[in-house]
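Asks: Just the structure for this:
(one chain, ligands or ions: 1)
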Amino acid sequence: MVTNNDLAKFIDTSDEWIRTRTGIEERRLADRSKGETTLTFAHQAAVKALEMAHLSGEQIDMIVMGTVTPDTVMPCTANQIQAKIGATRAFTFDLQAACSGFLYGYSIADQYIRTGTIERALVLGGETLSTVMNWQDRSTCVLFGDGAGGVVLQRTTSERSRVIATKLFSDGRLGEILSIPHGYGKVPPHVPEYRNDHHKVQMRGNELFKVAVRNMVDAASQVLWENQLKTTDVDFFIFHQANLRIIDMCAKSLDVPREKMWLNLQKYGNTSAATLPSCLDEAWRSGRVKKGDLILMVTFGGGLTWATTLVRL
Ligand code: UT7
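Replies: Prediction:
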């Protein structure tokens, strides 16, 4: 666990700045001396999700993992989780949609289940963004944290308890606002142009802030309108945990009171694809959300990508 004051010991920042501009107080980072990686966290999330669903690995038909920080590109993280949990019947893949990775995977799983192709999917989101942070860049490194979360989705005959809708969006024209430019196909590590400081997250925070608010509000409004629902019909909201000011602006536009949303960015920072499932897990375990509740989740991230879902638990 790394507090804002810990960061202030080696970069020009302060607890006051980080708290007031972002709402973040501390974050959890992978301890590489203990061998912790994205796989470590995602595996733990997978085990906990299976326990909660009273299922074993063999009962899972598909594993999808949203991550931009896989342990290895090949095999992908979902392949490695499959081996660890004994999901021998599953097909498995990672997907890259940055902070929207969890909801992108969730939507794909929902479609496979709706078409009758599969019965059950394990949907995960996890990152070790600490490995792609420039720890000298105070405008980015204070924002992010490491972690993972996940859910099991399964086919139901219930008219009530089900995924009501998922909506995915992207705008590739705005990709440079949040990127990791080097280290992959365009500038691989062995070419002379490769720069270690460009194999790190680069962000134009101000621009992203505005687009994030606009697009999350639009996405949430659309999914409600298309399903003939109003904000007041929704029992609980989970917004992507990037910045408390972004969440507050979205909540204000959508007229959502604080009591109807879960916040965990103060403890974990922005864990990208892990923010929504970790909030959902905490809200469920605390009893704040329960069976029958209508939940709206909405997220935003690199790509640019954004996504929303409406689910009745
Ligand atoms: O998950 C993907 C989605 N992520 C996001 O949507 C992130 C969106 N952006 C943001 O959350 C905010 O734009 C930031 C938190 C990144 C920045 O907040 P801001 O209020 O937009 O600050 P700013 O970039 O306008 O910077 C204001 C000042 C600057 O100093 P000057 O030029 O006014 O002297 C920065 O250099 O704050 C300075 N600054 C810092 N000062 C202390 C930037 N980072 C820090 C820092 N500590 N960590």
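Asks: what about stretch 23-30, start to end distance?
Replies: This stretch, stretch 23-30, spans 21 Å end to end (C-alpha to C-alpha, to the nearest Å).
Asks: Now do that stretch: everything it contacts.
Replies: Stretch 23-30 is contacted by residues 1-4, 15, 18-19, 36-38, 40-41, 128, 130-131, 142-147, 243-245, 247, 263, 265-270 when judged by C-beta atoms under 8 Å, 6 or more residues apart in numbering. The C-beta positions use only the backbone N, C-alpha and C, and glycine is treated the same way.
Asks: Buried among these? Need that as a selection in PyMOL.
Replies: To isolate the buried members of the contacts of stretch 23-30 in PyMOL, using 16 or more other C-beta atoms under 10 Å:
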select buried, resi 4+15+18+36+37+38+40+41+128+130+131+142+143+144+145+146+147+243+244+247+263+265+267+268+269+270
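Asks: got the contact list for residue 65?
Replies: Residues counted as contacts of residue 65 (C-beta under 8 Å, 6+ apart) are 42, 76-78, 81, 92-95, 101, 105, 124-126.
Asks: what about it, helix or strand, and which?
Replies: Using DSSP states H and E, residue 65 maps to strand 62-66.
Asks: Also residue 167?
Replies: Per DSSP H and E: residue 167 is located in strand 162-170.
Asks: Over to residue 51?
Replies: Element membership for residue 51 (DSSP H and E) is helix 38-53.
Asks: just how off-centre is that helix within its chain?
Replies: With C-alpha atoms, centre = their mean, to the nearest Å as the basis, helix 38-53 stands 15 Å off its chain's centre.
Asks: How much space separates residue 264 from the ligand?
Replies: Taking C-beta to the nearest ligand atom, to the nearest Å as the measure, residue 264 falls 14 Å from the ligand.
Asks: begin at 46 from here
Replies: Understood, numbering begins at 46; the last thing we discussed is residue 309.
Asks: What is the burial count for that residue?
Replies: Counted with other C-beta atoms under 10 Å, the neighbours of residue 309 add up to 19.
Asks: Need the nearest residue in space to residue 282, chain neighbours excluded.
Replies: residue 306 (4.5 Å; C-beta to C-beta, 6 or more residues apart in numbering).
Asks: Would you check that that neighbour makes contact with residue 295?
Replies: No: using C-beta atoms under 8 Å, residue 306 is not in contact with residue 295; the gap is 9.4 Å.
Asks: So for the two, which residue has more residues nearby?
Replies: Using other C-beta under 10 Å as the criterion, residue 306 and residue 295 rank with residue 295 on top: 24 against 19.
Asks: Quick check, the more buried one in contact with residue 284.
Replies: Yes: shown here, residue 295 and residue 284 form a contact pair, counting by C-beta under 8 Å, at 5.7 Å.
Asks: For this protein, which helix extends over the most residues?
Replies: Counting by DSSP state H, the longest helix found in the chain is helix 250-271.
Asks: between residue 306 and residue 295, what contacts are shared?
Replies: residue 284.
Asks: between the contacts of residue 110, which is nearest residue 263?
Replies: residue 146 (20.0 Å; C-beta to C-beta).
Asks: Show me what the helix or strand encompassing the closest one is in contact with.
Replies: Per DSSP H and E, residue 146 falls inside helix 146-159. Residues outside helix 146-159 that contact it (C-beta under 8 Å, 6+ apart) are 106-107, 109-113, 140, 142, 163-166, 168-170, 194, 196, 198-200, 208, 211-213, 317-322, 342, 344, 346, 350, 352-354.
Asks: Next: stretch 254-263.
Replies: Here stretch 254-263 has contacts from 214, 219, 222, 284-285, 287-288, 290-291, 294-295, 298-299, 343-345, 349, 351, 353, using C-beta under 8 Å, 6+ apart.
Asks: Narrow these to those in strands?
Replies: Among the contacts of stretch 254-263, the members falling in strands (DSSP state E) are 214, 284, 343, 344, 345, 351, 353.
Asks: Greatest separation within these: which pair is it?
Replies: Farthest pair in these (C-beta to C-beta) is 214 and 284. Separation: 15.5 Å.
Asks: These two - which one has more neighbours?
Replies: Set residue 214 next to residue 284 and count neighbours by other C-beta under 10 Å: residue 284 wins out with 29 against 16.
Asks: Without its sequence neighbours, what residue ends up closest to that one?
Replies: If the residues on either side of it in the chain are set aside, residue 284 comes closest to residue 292, at 4.6 Å by C-beta to C-beta, 6+ apart.
Asks: give me phi/psi at residue 196?
Replies: phi -140, psi 160 (degrees, to the nearest 10).
Asks: Hmm, it is touching residue 168, no?
Replies: Yes: if you go by C-beta under 8 Å, residue 196 and residue 168 touch, sitting 5.4 Å apart.
Asks: Spit out the residues that contact these two alike.
Replies: In contact with both residue 196 and residue 168: 151, 322, using C-beta under 8 Å, 6+ apart.
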